[in-house]
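K.L.:
could you work out the structure for the sequence below:
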Amino acid sequence: MLDGENEREVLWAGMAAIAATGPFVGEAAYAVHNGLARRCSPRRVPSSAVARPGDAAPEPEGGAAGDAPDAAATADVVAADLLDRRIDSLDGHSCHLHKPGGLWVRAIALRYRETCLGYLVVRSPTTPSAEESALTDLLARQTGTVLARLTGRRGEPTAGSGDIPVSGDLSDTGNLPEPEDGSPTVDLGNSTASALASRLATYDALSRAAVSGRGEAGILRTLHEHTGLAALTEDRFGNPRAWAGPRGGGPRSGVGSGTRPESENRHRDALMHRARREPGAVRDRDRLVMPIEMAGDLLGVIVLDDPDHRAAEADTAALEQAARVLAPLLLHERRLAELEPQLRRDLVDRLVSGAGTKDAFAQAAALGHDLHRPHNVAVLEWPGEPEGAALCDAVTRAAERLRRDVLIGSRGATAVVLMAGEDPRHPGDELYKAVSEGLGTGAGAIGVGGRCEVIADLPHSYDEAVRALAVRRRSREPYGSTAFDELGLCRMMGTGEGEREADLFVHLWLGRLLDYDAQHHTELVMTLSRYLETGCSYDATSEMLRIHRSTVRYRLQRIGEITGHDLGVVETRLNLHIATHIRNVLDPPR
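P.N.:
Sure thing, here's the model as predicted:
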């Protein structure tokens, strides 16, 4: 739009921009002069081919019936004439033109301050969403600003003269040429023309900054350069995002890190309520504050730091324009922030389920992760965090503190982490400590699978991590980290078939003893376990259990009688040792 050489080019460039935001199709464009709307065709055509209000419909050729194309052309002329008359009656305001149940049609007024400079008529097969409508209104305001820049109109209508256009170079106000339509000109005066030129130049610079790729920082820098005041943005909760200018315009005390006093929270809530209710920017002590909104949703605020109260009307207008160009940028950023975790979860789920393809490398790279490196899969479970998303957020923060390259997903309440690079000997220990500190509780567990060099091995590493987590959860110390490589004999556990085999083995060797303990409230299984763990030492067992040595001897005698096993046989002691170890993992003593 900024490159348009005339009103027609600006209007249809604005129409093209609106059509790109949703299901819109351009119907017609109008420029307003002296309060009258004149249709502007999308390309140069003979004036006789453009329908104008009051034009008579052409006579059909070829007899009374005429040809079908001629009848269609006549209908188009009649429809265009009707649309022109409806636009003339709008009095400078946007309006829906469709009938109930009909095709959605809207005339959008292009306004610069209090003056209507034109209309864009768009239609849609469906009713646009609130977000699409908000983007359309934003682009309409931009189009109106560009039209004002092109035609040199004043922001306010002159008393008694309606909408009076001013032509020519604004820097030369002493010799303004007559408009082509013969309407009178207005001598703005050097100061007024200079102020208007400065304001339009600021709007131009902010609009270009918005599409330059420099993002939020570029828009703030442009605002600072044109106002001379420090500019900053805050999120909807008052936390600083970015700023430009002297550091004095940066984050305030109580804003950002730490907890703000309740009185300051109440003050900010009242300020946001007032800023969203009142038009334009509002003053808050030594700051000018403007909410950044889109489709009724508060995305943040933009602020000019003005401790000397020297901000002029042009500075306030620039602040308001900066808020407009920031709105779609922040909305897009929010949508990406909402979308990225879902993309990560979907990618991790496909990789650990064996559905990963060559495209996974490019998708992971787009998310900032290198899948070409070796990986370990870790699964995390914190009972106090029922929502997987909350646990994933804690893992993300922990990984950032540890400077670990990870890709994080979730399955239900369990977080799944692909840990890349050369891991330490116990890759889950430091992650467990960091996540525990972040959540404020160590009541969680991590299982870590084996190392895999290619993504095809990730499902196997994931299965190992799940089994390691299950073993950790059923151990005497259920909180902490367990790697599959550390399980040894317990690798058979953690899966359905292996766990059933383990249960049968324990029942075969310890079944009678477990039943006896349950019926008589004794601790014979515990005594046997400690005796075997100490290398069959009476003294060490009595010390560990804090009972007399003769009591240990008596209990071992009873164990032999109940089970029928001879503890003097080496192979028997080995099987009993394995059985007690598995039992302690699968069903830890309380």
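K.L.:
going forward, measure contacts and count neighbours with C-alpha atoms only.
P.N.:
OK.
K.L.:
quick check: the spatially most central residue of the chain vs residue 330, distance?
P.N.:
In the chain, the centroid-proximal residue (Cα atoms, centre = their mean) is residue 337; its distance is 2.0 Å. For residue 337, the distance to residue 330 equals 10 Å [Cα to Cα, to the nearest Å].
K.L.:
which residues in the stretch 351-500 of the chain form strands?
P.N.:
For the stretch 351-500 of the chain, strands defined by DSSP state E, counting those that start in this stretch occupy the ranges 375-381, 406-411, 414-420, 445-452, 480-483.
K.L.:
same for the one helix or strand residue 525 maps to, what does it pack against?
P.N.:
Taking DSSP states H and E as the criterion, residue 525 maps to helix 524-533. If contacts are counted by 3 or more Cα pairs under 8 Å, 6 or more residues apart in numbering; DSSP states H and E, helix 524-533 sits against helix 496-520, helix 538-545, helix 549-563, helix 570-586.
K.L.:
before we move on, what SS does residue 236 have?
P.N.:
Of the three states, residue 236 takes coil under DSSP: H, G, I helix; E, B strand; the rest coil.
K.L.:
can you check what pLDDT the model gives it?
P.N.:
Residue 236 carries a pLDDT value of 83.
K.L.:
equivalent analysis for residue 207, please.
P.N.:
The confidence metric pLDDT takes the value 82 at residue 207.
K.L.:
how distant is the helix holding residue 525 from the center of its chain?
P.N.:
In terms of Cα atoms, centre = their mean, to the nearest Å, the gap separating the centre of helix 524-533 from the centre of its chain is 56 Å.
K.L.:
can you pull the buried residues of that helix?
P.N.:
Using 16 or more other Cα atoms under 10 Å as the test for burial, helix 524-533 gives 524, 525, 527, 528, 529, 530, 531, 532.
K.L.:
please apply the same query to stretch 511-523.
P.N.:
Neighbour counts over stretch 511-523 (16+ other Cα under 10 Å) mark 513, 514, 516 as buried.
K.L.:
again with stretch 14-23
P.N.:
Residues of stretch 14-23 classed as buried: 14, 15, 17, 18, 19, 21, 22, 23 (neighbour count, 16+ other Cα under 10 Å).
K.L.:
what's it in contact with?
P.N.:
By Cα atoms under 8 Å, 6 or more residues apart in numbering, the residues outside stretch 14-23 that reach it are 1, 24-26, 29, 120, 124-126, 128, 132, 135-136, 139-140, 143.
K.L.:
end-to-end on that stretch?
P.N.:
For stretch 14-23, the first-to-last residue distance is 15 Å (Cα to Cα).
K.L.:
the stretch 101-250 of the chain: helices as residue ranges?
P.N.:
Assigned by DSSP state H, counting those that start in this stretch, the stretch 101-250 of the chain shows helices spanning 130-151, 190-210, 215-227.
K.L.:
can you redo the buried residues of stretch 14-23 as TSV with pLDDT, secondary structure and distance to residue 108?
P.N.:
TSV is the format used below for the buried residues of stretch 14-23 (pLDDT from 0 to 100; DSSP: H, G, I helix; E, B strand; the rest coil; distance: Cα to Cα, whole Å):
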residue	pLDDT	secondary structure	distance to residue 108
14	89	helix	11
15	90	helix	10
17	86	helix	13
18	88	helix	11
19	84	helix	13
21	76	coil	15
22	76	coil	15
23	82	coil	15
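K.L.:
ok, which of the helices of the stretch 101-250 of the chain comes nearest residue 363?
P.N.:
Between residue 363 and the helices of the stretch 101-250 of the chain, the shortest gap by Cα to Cα is with helix 215-227, which sits at 23.7 Å.
K.L.:
could you single out the most deeply buried of the helices and strands packed on helix 524-533?
P.N.:
Of all the helices and strands packed on helix 524-533, helix 570-586 carries the top mean neighbour count, a mean of 18, counting by mean count of other Cα atoms under 10 Å.
K.L.:
pLDDT of that one, averaged?
P.N.:
pLDDT averaged over helix 570-586 gives 82.
K.L.:
check which helices and strands it sits against.
P.N.:
Counting by 3+ Cα pairs under 8 Å, 6+ apart, the packing neighbours recorded for helix 570-586 are helix 458-473, helix 496-520, helix 524-533.
K.L.:
pipe those helices into CSV and attach distance to residue 101 per row.
P.N.:
Shown next, in CSV, are the helices and strands packed on helix 570-586 (distance: least, Cα to Cα, whole Å):
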stretch, distance to residue 101
helix 458-473, 54
helix 496-520, 60
helix 524-533, 80
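K.L.:
for residue 383, give me its contacts.
P.N.:
Contacts of residue 383 (Cα under 8 Å, 6+ apart): 443, 444.
K.L.:
with distance to residue 446 and pLDDT added, can I get the buried residues of helix 524-533 in TSV?
P.N.:
Converted to TSV, the buried residues of helix 524-533 look like this (distance: Cα to Cα, whole Å; pLDDT from 0 to 100):
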residue	distance to residue 446	pLDDT
524	32	92
525	29	91
527	30	92
528	30	92
529	27	89
530	27	89
531	31	91
532	29	90
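K.L.:
just give me the closest of the residues you listed to residue 342.
P.N.:
residue 529 (47.8 Å).
K.L.:
not counting sequence-adjacent ones, nearest residue to that closest one?
P.N.:
residue 580 (5.7 Å; Cα to Cα, 6 or more residues apart in numbering).
K.L.:
where does the stretch 101-250 of the chain dip in pLDDT?
P.N.:
Along the stretch 101-250 of the chain, the parts satisfying pLDDT under 70 run over 152-197, 247-250.
K.L.:
sorry, back to before: can you select the buried ones from the contacts of stretch 14-23 in PyMOL?
P.N.:
In PyMOL syntax, the buried subset of these is picked out as below (16+ other Cα under 10 Å):
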select buried, resi 1+24+25+26+29+120+124+128+132+135+136+139+140+143
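K.L.:
okay, the angle between the top helix by length along the chain and strand 406-411?
P.N.:
Assignment by DSSP state H gives helix 313-352 as the longest helix of the chain. Put simply, helix 313-352 runs at 70 degrees to strand 406-411, going by axes from the mean of the first three to the mean of the last three Cα atoms, to 10 degrees.
K.L.:
backbone torsions only: list them for the residue lying closest to residue 361 once chain neighbours are set aside.
P.N.:
For residue 361, ignoring the flanking residues on the chain, the nearest one in space by Cα to Cα, 6+ apart is residue 371 at 5.8 Å. Torsion angles at residue 371 (phi, psi; degrees, to the nearest 10) stand at phi -80, psi -10.
K.L.:
next one: residue 95
P.N.:
Phi and psi for residue 95, reported as degrees, to the nearest 10, are phi -160, psi 140.
K.L.:
which residues touch it?
P.N.:
Contacts of residue 95 (Cα under 8 Å, 6+ apart): 106, 107, 108.
K.L.:
so which of the strands of the stretch 351-500 of the chain comes closest to residue 149?
P.N.:
strand 406-411 (49.3 Å).
K.L.:
how far away is residue 553 from residue 412?
P.N.:
Per Cα to Cα, residue 553 is found 50 Å from residue 412.
K.L.:
how about residue 562?
P.N.:
With distances taken as Cα to Cα, residue 562 is found 45 Å from residue 412.
K.L.:
nearest spatial neighbour of residue 419, chain-adjacent residues omitted?
P.N.:
Distances taken as Cα to Cα, 6+ apart place residue 406 nearest to residue 419, at 4.7 Å, with adjacent residues excluded.
K.L.:
so the one you found versus residue 416, what's the distance?
P.N.:
For residue 406 relative to residue 416 (Cα to Cα), the value is 10 Å.
K.L.:
of these two, who's got more company?
P.N.:
Ranked by neighbour count (other Cα atoms under 10 Å), residue 406 and residue 416 place residue 416 first, with 29 against 22.
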